[in-house]
Structure formats: C-alpha cells, structure tokens
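A.B. asks: how would this look folded up:
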Amino acid sequence: MPVSLKAPKKQSPLFARLSPMQQQGVLAAASVDGFAAFFAQRTGKTWLTCGLIEYRDEKNVLIVGPKTNLVSTWEKTLHNLLPHYNVFFSLDDLVTYQKAHVKKHGVEGYAILLLNYEALPAIIKRIKKRRWNLIVYDEAQRLKARTSKNSRTASTLVRISDHRIALTGTPLDKHPIDLWAIFRFIDPSLLGSNWKTFEVEFLEDLTSGILAKMKKAKGQMLRAKLMLQLRIVKNKPKFREDMWDEFIERIKPHTMAVTREDAGMKGAKITYVPVLLLGKQRRAYDQLEKTMVVDIGKKLTITTALKIVRNGKLQQITGGHIKDEEGRTRLVGAAKIRKLEHLLKRHKPPIAIFAKHTYDIEMILEVLADYSDRVGVVWGRVKDGKVKKPRTETIEAFQRGELDFIVCQQRTGGVGVDLFKARKAFVYSMGHSWIDYDQMISRLDFLNQTEAAEFFLLFAVETIDEDIITALKEKRSVSEVTLERLKHQP
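C.D. replies: Presented below is the predicted three-dimensional model:
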C-alpha cells in the first residue's frame, strides 16, 4: 500500500517553514517505521529530518553521519531549527543529562546525539542499552556494502529503535542491489534481513552451471579455472529484470526520491577538457597498457602482475607520475598539469579543484603557489580532532571568501562538504564510483541557486580516463532509472 500522507493535527512552527516537497517528505516518513529519503544533494534532507523530529515529538534521537558534516551542517542546523533540543557529541554527556532531567522533572528531556561513522562501533554495546525514538543515518550510501562494519552495525540497531530514516542523494552506484543493505536498516521485512534469501529471489542464478561443471571437471588446471569463474560471478551479481516491478513495489511506500530538477535546481554544467599525452609520457602509458611492464629510464622498470594494479598505475601516468615498487613517486610527464595551468589563467577564483591521488594534489598545490597564497587543502592527511578542526576550518574559510582556491581529494572533499562559494571547479582526476562522482559535482550546489555551477573535467585522450567517463555515464543511467521509478506510480 502507498504511504498515507495524513495532514498533521496541528502544524508545528518548523513544519510551516518547510517547502511543500519537504513537508511531503515529513508526512511520508511519519507514516512508517522506516523511511528512505533519497533527496539529491542540497534539496533539504537536514531540514526534512528536523521537521520529522519535531512533528513526531521525538525525545531520544541518534544521528550518524560523516564527522565533518556533523559539525559543519548538523550541529548548526539543529541549534537553529530545534533550539529546545540539547545536542551532544558524547553518549556519556547525553546519559548524564537524561539522568539529571529525570531526577528533576520525572521524564527524559529532548536530546540528540551526533556520532560519526568511525566512532559508533566502539560504543555500540552501550548504544544498544538505550531505547532510541529515532535513528538517522546521513549519507546512508555508506551502508550499501552489506559485509562492511558500518552496514552490519546499522542492521543491529533496528530492534532498539522506534523509527529509522536513511538520508542520501546517491543511494546506488552500479545497480539496485546496492539498496538491499540500506533497507536492511530501514525495515528488514521489505527485502529480508538474510542476503541469501534476497539473492535467490531477486538475482540471476549464474553459479549453478559453473558448479555443475566443477563436479565433472578433471584436472587441477580446469578446476582452478572454474573456481576463478565462480569467484568472478559471485562478485558481479546480476539483478533479474523480471523482478523490477516487485522490487519497486516493496520499497516504494517507504521511499521518497527527489532530484535536483524536482527542487528547481540547475544541474552542474560539465565541460570535458581533452589532454594529449606526448613523448615519454605517451610511451610509458602505452608500454604499461600492453605489456604490464614499464621502463621509465634510469634503469628503473615497474612491473604490475594484476590488471587492477595496472589500471591504477595507468591513471597515475595520465596525471604525470607513477609509484615504483618501493612506493616512491616518479615523474613521467606534465601534460595534464600544464592544461590545469592554462585553465587557471582563464578563470578567476574562488575555484575548487578535485583530484583522486595524493601526489596529484601535491603537484596542484605547487602550481597554485604561483597564483595565490590563499590556498586550502582538504584530503585524508587533514583530520578534525576533538579540539582542533583544521578540515572544517578550511572549508568554512573558503566559504567566507578567505581562500581563493580549495583543493580536495575526491572522496574526502566530496561528501557533506559545502563549497558553493565557488561557481567553477576543475577535476584533475577521479575514480570509477558514481556515488563519489555525483557527490563531488554537488558540492557547489545550493537551494534556490540562480546560476549553475560549472565543472571542467580534464581527461587524457585514448587512456583509462575515457573509460572512467564512459563507466560513470552508464552508472548514472542505472541510478536515474531506479530513482525515477521510485518517484511515480507505475
């Protein structure tokens, strides 16, 4: 049955401030115990959650999210929209507050605990000793890997919570299978809590034929070959096309999907910037691609035994460097960095620059030193602590206009980060993940923007860079089709 969108008996002050789309999300989420808000970046997931907390009059709320996002977004928004709630970053502090409140008033007070993904497993036993009225997972795409610690931890919180909500604008990367682990947290009765049961019902059986051959196989080499095929098939499950309608029908009453277009936002303009590899850099790339071995001079030869390792080093070469067997970085060319310098001369700051590899970032920072001394960097090497928060401070400084450039490692600076002070961004290198890509191109968006952000994607011609762009376009298609089916009644 579809969600019953019942009008509230008495509209709260916050509910009245929400957009019609956000109000609909609150009403839909309030109608079920578990809910997925698949809202595109910047369309109001945080406001929706605050509206739901007030509408349901929840007292004990747990919000799990990326560390930077908890400080830069959640804490400020909660204090602004729900000032009567006490916000804590420590379970001990929340417990102390509730004990004191019960002693004084006879009932628990309104409290919200903010925990980052990394901190939750260490105190999960103590978290389970409390009853939570609402548990929220922000950037819930982190739950999609069903065997990960994050995903397994989330699945154990179902029985100690009255209501649950998952927030993400990028719920799937490759196929709808990615949604299973998210709904295991939202409501395990929808798709089941046992992967094997889901696998039998919704996925194609690609293993039985191989297993049958293995029973008849003679010879160690043949069995080893079939065993490899079996591992590949298990790692690349395929969704049954004839089960699409059943899949959507089950999860749709617990889901609301909102795109940027639904919210009236202009999607980012993507400009592809080709880069030609020449001379030594081109030869090094072609040699490694064809032979899995590359000679970069000075009697230094680099060998890659595995294709996945080779692909990673091929992308390093497109950026102008490669790591040898001892982990040292060797320069092999400067085609892409020169193209970046050309872009820097044509566009005025503030500008955000994204890259995948740490050495890419080091080269970019070296170039930017000639343009400005107001440069910030957000990457894995910079982490927020309990007292000092250099990552958050860098982002906030950029947003205040105190920095001309901010350089972000794609995954580190692509989730829960506001960079909309810039209207232009350069992408030096990126990975295959659609989730990481979509998060990245959303960093410059904000609600009610009048000007679309522009991204310049540098790619080396006739290299793995083109393969990555093709793969991302295919994954985008799968993601958009799935979310579109969740938006409208068939």
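
A.B. asks: Show me where the stretch 251-400 of the chain has its strands.
C.D. replies: When assigned using DSSP state E, counting those that start in this stretch, the strands of the stretch 251-400 of the chain occupy the ranges 255-258, 269-275, 293-295, 301-303, 321-323, 329-331, 351-355, 375-378.

A.B. asks: Of all the ones you listed, which one is nearest Ile63?
C.D. replies: strand 255-258 (18.7 Å; C-beta to C-beta). Using the backbone N, CA and C atoms, a C-beta is placed for each residue, glycine as well.

A.B. asks: Pairing partners for that closest one, with directions?
C.D. replies: Partners of strand 255-258 in the sheet, by DSSP bridges, are strand 34-39 (parallel).

A.B. asks: Return the most buried member of the strands of the stretch 251-400 of the chain.
C.D. replies: strand 351-355 (a mean of 28; mean count of other C-beta atoms under 10 Å).

A.B. asks: Check which strands are paired with it and give the direction for each one.
C.D. replies: When DSSP bridges is applied, strand 351-355 pairs with strand 405-409 (parallel), strand 424-427 (parallel).

A.B. asks: Can you show me the CA trace of that strand as PDB?
C.D. replies: Extracted C-alpha coordinates of strand 351-355, given in PDB (Å, rounded to 0.1, in the frame of the first residue of the first chain):
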ATOM      1  CA  ILE A 351      37.700  27.900  -7.500                       C
ATOM      2  CA  ALA A 352      37.500  24.300  -6.200                       C
ATOM      3  CA  ILE A 353      39.900  21.700  -7.600                       C
ATOM      4  CA  PHE A 354      39.300  17.900  -7.200                       C
ATOM      5  CA  ALA A 355      41.800  15.100  -7.600                       C
END
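
A.B. asks: Can you give the contact residues for it?
C.D. replies: Under the criterion C-beta atoms under 8 Å, 6 or more residues apart in numbering, residues 319, 340, 344, 361, 364, 368, 398, 404-410, 413-414, 419, 422, 424-430, 440, 443-444 lie in contact with strand 351-355.

A.B. asks: quick one: low-confidence ranges for the stretch 351-490 of the chain?
C.D. replies: Of all residues in the stretch 351-490 of the chain, those with pLDDT under 70 make up the ranges 413-416, 488-490.

A.B. asks: Please enumerate the helices of it.
C.D. replies: Secondary structure of the stretch 351-490 of the chain (DSSP state H, counting those that start in this stretch): helices at 358-368, 390-399, 434-441, 464-487.

A.B. asks: looking at these, which is closest to Gln23?
C.D. replies: Nearest to Gln23, of all those, is helix 464-487, at 16.7 Å by C-beta to C-beta.

A.B. asks: now for the closest one, which elements pack on it?
C.D. replies: Counting contacts by 3 or more C-beta pairs under 8 Å, 6 or more residues apart in numbering; DSSP states H and E, helix 464-487 is packed against helix 244-251, strand 255-258, helix 307-319, helix 434-441, strand 454-460.

A.B. asks: redo that, cut-off 7 Å
C.D. replies: With contacts defined as 3 or more C-beta pairs under 7 Å, 6 or more residues apart in numbering; DSSP states H and E, the packing partners of helix 464-487 are strand 255-258, helix 307-319, helix 434-441, strand 454-460.

A.B. asks: Make JSON lines out of the ones you listed and add distance to Trp47.
C.D. replies: Formatted as JSON lines, those follow (distance: least, C-beta to C-beta, whole Å):
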{"stretch": "strand 255-258", "distance to Trp47": "12"}
{"stretch": "helix 307-319", "distance to Trp47": "38"}
{"stretch": "helix 434-441", "distance to Trp47": "19"}
{"stretch": "strand 454-460", "distance to Trp47": "26"}
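
A.B. asks: For Arg240, find the nearest of those.
C.D. replies: strand 255-258 (19.9 Å).

A.B. asks: How about residues contacting that closest one?
C.D. replies: Identification of contacts with strand 255-258 by C-beta atoms under 7 Å, 6 or more residues apart in numbering yields 21, 25, 28, 36-40, 43, 483, 486-487.

A.B. asks: So what would you say the end-to-end distance of stretch 275-283 is?
C.D. replies: 15 Å (C-alpha to C-alpha, to the nearest Å).

A.B. asks: And stretch 140-159, by the same measure?
C.D. replies: 19 Å.

A.B. asks: Now do Phe426: how many residues are near it, please.
C.D. replies: Other residues near Phe426 number 24, with proximity taken as other C-beta atoms under 10 Å.

A.B. asks: Am I right that it is in contact with Arg346?
C.D. replies: No. With contact defined as C-beta atoms under 7 Å, Phe426 does not reach Arg346; the gap is 10.8 Å.

A.B. asks: quick one on the thing from earlier: so which of the strands of the stretch 251-400 of the chain comes closest to Leu172?
C.D. replies: strand 255-258 (11.2 Å).

A.B. asks: Show the average pLDDT along the closest one.
C.D. replies: The pLDDT scores in strand 255-258 average 93.

A.B. asks: How far off centre is that strand?
C.D. replies: Chain-centre distance of strand 255-258: 17 Å, with C-alpha atoms, centre = their mean, to the nearest Å.

A.B. asks: Render the CA-only coordinates of that strand in CSV, please.
C.D. replies: Only the C-alpha atoms of strand 255-258 are listed here, as CSV (Å, rounded to 0.1, in the frame of the first residue of the first chain):
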residue,chain,number,x,y,z
THR,A,255,10.8,5.8,-0.1
MET,A,256,10.7,9.4,-1.4
ALA,A,257,13.0,10.3,-4.3
VAL,A,258,13.7,13.9,-5.2
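
A.B. asks: surely Ile165 meets Val136?
C.D. replies: Yes. Contact criterion C-beta under 7 Å: Ile165 and Val136 qualify, at 5.2 Å.

A.B. asks: check contacts around Gln22.
C.D. replies: Residues in contact with Gln22 (C-beta under 7 Å, 6+ apart) are 44, 47-48, 51.

A.B. asks: Format the residues you listed as CSV; extra columns: pLDDT and distance to Asp245.
C.D. replies: Putting the contacts of Gln22 into CSV (pLDDT from 0 to 100; distance: C-beta to C-beta, whole Å) gives the following:
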residue, pLDDT, distance to Asp245
Gly44, 88, 30
Trp47, 95, 33
Leu48, 96, 28
Gly51, 96, 32
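
A.B. asks: now the end-to-end length of stretch 151-163.
C.D. replies: End-to-end distance of stretch 151-163 (C-alpha to C-alpha): 17 Å.

A.B. asks: Helix, strand, or coil at Glu64?
C.D. replies: Actually, residue 64 is Val rather than Glu. strand (DSSP: H, G, I helix; E, B strand; the rest coil).

A.B. asks: That one: how many residues sit nearby?
C.D. replies: Look at Val64: counted by other C-beta under 10 Å, it has 25 neighbours.

A.B. asks: contacting residues around it?
C.D. replies: Going by C-beta under 7 Å, 6+ apart, Val64 touches 115, 117, 120, 136-138.

A.B. asks: Check the contact lists of Ile165 and Val136 and give me the overlap.
C.D. replies: With C-beta under 7 Å, 6+ apart as the test, Ile165 and Val136 both reach Thr49.

A.B. asks: from the middle of its chain, how far away would the helix or strand hosting Thr68 be?
C.D. replies: In this structure, Thr68 sits in helix 67-69 according to DSSP states H and E. Relative to its chain's centre, helix 67-69 lies at 13 Å (C-alpha atoms, centre = their mean).

A.B. asks: Could you do stretch 58-78 as well?
C.D. replies: Per C-alpha atoms, centre = their mean, the centroid offset for stretch 58-78 relative to its chain is 17 Å.
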